[in-house]
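# Provided below are the primary sequence and the corresponding predicted coordinates.
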Amino acid sequence: MKNKFIIYAVAYAGLIALSGFFAIYMKFLGASPEFFLIFLAAASLGEGPRFGAAFGFVSGIFADFVSVFLPGSQCLIYTTVGYLCGILSGKFYVNSAQNRILVTLSATVFVRAALWLAAETFGMRYSPSFRSIALTAIYNVASSPFIFAAAALAVRLAPRRHGKAGPGHG
């Protein structure tokens, strides 16, 4: 468990640096890729629903800290995304480009719809343009091969519950 935590903490630190770089230097047309969301979906597909919910909660807390939106909303949404992607663990071939694109687009649209629903529920203004949502989805899909590969590496390196390393390492 300790080694798994270290592996995902290192991956998370890399995502923080990557997100910061994109937010400062490479934000195109008002949108940038959501690396945490893509990594959450990819890692949850490899680890399962419990991990997905826990990692989604941690990712959501971080997203809530850097967001000016409704406190707690990102935490709840990311926990849900992690759990739903974790349920799909082992159900289909993750390395397929079609499936990776489907999961990435579904997670992106789900997060945007859930944020809109939370805003409407609590009387806040959240009205992103279609262009912003479309660009974020495109950026997420374009960066998904790299993030899915990093998540697959983390899943392989992280020890399993029964004490063995991931597939091919036992």
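Alright, I've got the coordinates.

# in stretch 134-147, what counts as buried?
Counting neighbours by 16 or more other C-beta atoms under 10 Å, one finds that the buried residues in stretch 134-147 are 135, 136, 137, 139, 140, 141, 143, 144, 147. Using the backbone N, CA and C atoms, a C-beta is placed for each residue, glycine as well.

# and these, which is closest to residue 82?
Residue 82 has its nearest neighbour among the buried residues of stretch 134-147 in residue 147, at 14.4 Å by C-beta to C-beta.

# distance of the closest one from residue 128?
Noted for residue 147: a distance of 22 Å to residue 128, by C-beta to C-beta, to the nearest Å.

# and for residue 55?
For residue 55, the distance to residue 128 - C-beta to C-beta - is 25 Å.

# same check, this time on residue 9
Separation of residue 9 from residue 128 (C-beta to C-beta) stands at 31 Å.

# show me the contacts for the residue most central in space within the chain.
Nearest to the mean C-alpha position of the chain, by C-alpha atoms, centre = their mean, lies residue 37 at 2.0 Å. Contact analysis of residue 37 by C-beta atoms under 8 Å, 6 or more residues apart in numbering lists 59, 78, 81, 107, 108, 111, 140.
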